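*Asks:* I would like the atomic coordinates for the input below:
(2 chains)
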Protein chains: 2
Amino acid sequence: MTETEAVVKSIQRPTLLVNESICRKNIERMSALAQRSRVIFRPHFKTHQSASIGKWFRDSGVSAITVSSMTMARYFAGHHWKDITVAFPVNLREINEINALAEKIHLNLLADHPAVVKTLAGQLKHETGIFIEVDTGYHRTGVNWENTDLIDALLETIGKSGILRFQGFLSHTGNTYSASSAKEIKKLHRTATDRMNFLKERYLSSFPDLILSLGDTPSFSMMDTVCDIDEMRPGNFVFYDLMQQQLGACSCKDIAIAVACPVVASYPERNELVVYGGAIHFSKEHLMQGKQKIYGLAVRFTENKWVPLEPAAPLTALSQEHGILHMDNRQIAAFQPGDLMYILPVHSCLTANLMGKYLTTTGKELDHMNRSHEPLHS
Amino acid sequence: MTETEAVVKSIQRPTLLVNESICRKNIERMSALAQRSRVIFRPHFKTHQSASIGKWFRDSGVSAITVSSMTMARYFAGHHWKDITVAFPVNLREINEINALAEKIHLNLLADHPAVVKTLAGQLKHETGIFIEVDTGYHRTGVNWENTDLIDALLETIGKSGILRFQGFLSHTGNTYSASSAKEIKKLHRTATDRMNFLKERYLSSFPDLILSLGDTPSFSMMDTVCDIDEMRPGNFVFYDLMQQQLGACSCKDIAIAVACPVVASYPERNELVVYGGAIHFSKEHLMQGKQKIYGLAVRFTENKWVPLEPAAPLTALSQEHGILHMDNRQIAAFQPGDLMYILPVHSCLTANLMGKYLTTTGKELDHMNRSHEPLHS
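*Replies:* Predicted coordinates for the structure are as follows:
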């Protein structure tokens, strides 16, 4: 029995497979981009949320990371990460947690609200880094890049605090996810970079060490060199997914995870195969292909890669545990209940968050923060 | 400090609140419907997935339950439930798990595929109940109700097995979820019931004890008496949610859960308030209100109920951890970062599955299967 056959045989229920080799290549590629661009690489760990996969980043020279919650910061700090930016607006209800962590590691927080900065200045007990979050066009969070009055006010409170160290300006270009072409993604990234540099020029004389930190996987996946920023924080690239593929940020061969789902029923009369694998495994994130919602895509699992079935067999509906694949009748005939189907996810961050653990294609179990309390083999 | 104030004060991050009193009322109401209709009440536990909430059902006289996975069956069997139907097509890769459980409890499985029934007949070691799943119009799983040739073949294999006990016909009327009116829901339920009774009439002489088992919360929430079926398996009614409210199956005051989310940012210039509470808390299930996607609805939390804010403040966008509420500017002004916002979920099953534990509005922590390995106070 080959290694792959042994892994396949061991699977009883929906299982998140990760191809370590593809994953490490994705990490190496992004790490190399940062190195040759002389930009700080502070990858976002919210996609994998795994101490084990974190080690693969360390192997690639990474020592500073980004997370999206204090819970995640505490988890990775517990796994020897000493330099963490929480790229989410400060949640003041976790002030004790923030203080506990700031005592142990180099912690950076985000702020865009005067009341939050004032509260932090009054309640933090240990020196803490602060990025001012800037809205460069995504309109989710952050100070509008032109609102220098508010930025001045925030800087004044930070400066007076004696405990907050201003790190620079941080922005997430999440608007690239709604772009319709590579050209548009590059344009959005350029606009964001220009707006960040407007701020750098304005504040550099007062803060000569300030850095510009920018996020998002689509932009950085399309670049040969990163220019005019100081730090990059992509996250999703570690696994990629169908959404990134649709955006042109990756191809299927770069997608590092797939969900192995037992086949449980088939209805050739309506071109449908049903798998054990539903909304609680994939999430309800979907893509549109014409008027059809797509929740995943069936692939063959070979030693080294996933190969989409032909004709394409998309996951077109999800209940809590049921997944419905639309398939050609000849394809359906090739599967029996009890066989496994491999399905690429639409949004790897949400799928990994739901699955809560990993099995590598060579048979190693890897942890995920969400189920780190569970015995590994349950 | 009141009980409610103490609970509110203790909340640091997104927390799934359950109002025990509303929840018990929902259980009592459905239980009473079953009792006065002289129908077996076998509630679906996939919504709450909680041994603690299971006890509230026991208090209401329930002794037989429905689940949607073997994992869930094992969990509840471990909490003294001895009569469990797994209302999901049998996953043959879990045959050892099935055998282990069938030895201990009264286990019912679903079948609609001859190969599955043959494999079960060959590999089961303990007497196990079998429902033939029937498709009465939802077209997800099950034998088409008119396909009596296939049903005859399944019954023959079941009969010869010596180990499979035929229980009857089971159907899930999930098509009620796409209905546009109460009238349509009732019509779909009537059609499903008629189709089930066609089978009962045909097979009753050979199987005088066969039962008809029907699912779905919307139908049973709209009935005064249940007629012409033997067993009802609704699940979502334990909590209800905005989807059920939109269908007319409940009103806001019947919704038993809400997510308490810390306010982290506000942007009055675009009528938006940002909370810590995103796709990994609510799921990406949404409703449409006109052309607007809705992921939740903000409410006030009083001692006894949730009251929607006026004007309505819907959750209109979700990232992994961010939730964006569309709000009136005067409402926004009433909230500061660090305050709590209470948000009713669109789909309570998926939200509870993601949150993985509960806090009652009177301050008790309740378990959920997904995080049953974790220490309760983490």
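*Asks:* does the lowest-mean-pLDDT helix or strand in chain A come close to chain B?
*Replies:* Lowest on mean pLDDT, DSSP states H and E among the helices and strands of chain A sits helix A:3-10, with a mean of 87. No - judged by Cβ under 8 Å from any Cβ of the partner chain, helix A:3-10 stays clear of chain B, getting no closer than 9.5 Å. For every residue, glycine as well, the C-beta is placed using N, CA and C.
*Asks:* any idea which helix or strand comes after that helix?
*Replies:* strand A:15-18 (DSSP states H and E).
*Asks:* That following strand - what's its average pLDDT?
*Replies:* For strand A:15-18, the mean pLDDT works out to 98.
*Asks:* And that strand, how far out from the chain middle?
*Replies:* 16 Å (Cα atoms, centre = their mean, to the nearest Å).
*Asks:* And stretch A:175-182, by the same measure?
*Replies:* The answer for stretch A:175-182 is 17 Å, by Cα atoms, centre = their mean.
*Asks:* Could you give the separation between the terminal residues of it?
*Replies:* 13 Å (Cα to Cα, to the nearest Å).
*Asks:* Name the residues that touch it?
*Replies:* A:137-139, A:185, A:188-189, A:216, A:218-219, A:222, A:243, A:247-248 (Cβ atoms under 8 Å, 6 or more residues apart in numbering or on different chains).
*Asks:* which one is A:His189 nearest to, not counting chain neighbours?
*Replies:* A:Ser219 (3.9 Å; Cβ to Cβ, 6 or more residues apart in numbering or on different chains).
*Asks:* quick one: secondary structure of that neighbour?
*Replies:* On the three-state scheme (DSSP: H, G, I helix; E, B strand; the rest coil), A:Ser219 is labelled helix.
*Asks:* returning to what we had before: which one of the contacts of stretch A:175-182 is nearest to A:Leu16?
*Replies:* Closest approach to A:Leu16 among these (Cβ to Cβ): A:Met243, at 16.8 Å.
*Asks:* Can you name the helix or strand that the closest one falls in?
*Replies:* Counting by DSSP H and E, A:Met243 is found in helix A:242-247.
*Asks:* quick one: the next helix or strand after that helix to helix A:3-10, angle?
*Replies:* Per DSSP H and E, the first helix or strand lying C-terminal to helix A:242-247 is strand A:257-267. Counting by axes from the mean of the first three to the mean of the last three Cα atoms, to 10 degrees, strand A:257-267 lies at 50 degrees to helix A:3-10.
*Asks:* What's the local residue count around A:Glu184?
*Replies:* 15 (other Cβ atoms under 10 Å in any protein chain shown).
*Asks:* ok so, going back, any chance of the contacts of stretch A:175-182 in TSV, with neighbour count and pLDDT too?
*Replies:* Below are the contacts of stretch A:175-182 laid out as TSV (neighbours: other Cβ atoms under 10 Å in any protein chain shown; pLDDT from 0 to 100):
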residue	neighbour count	pLDDT
A:Gly137	17	93
A:Tyr138	20	93
A:His139	16	93
A:Ile185	24	94
A:Leu188	23	95
A:His189	24	95
A:Asp216	27	91
A:Pro218	27	95
A:Ser219	24	95
A:Met222	17	95
A:Met243	22	97
A:Leu247	24	95
A:Gly248	16	95
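*Asks:* Thank you kindly, that will do.
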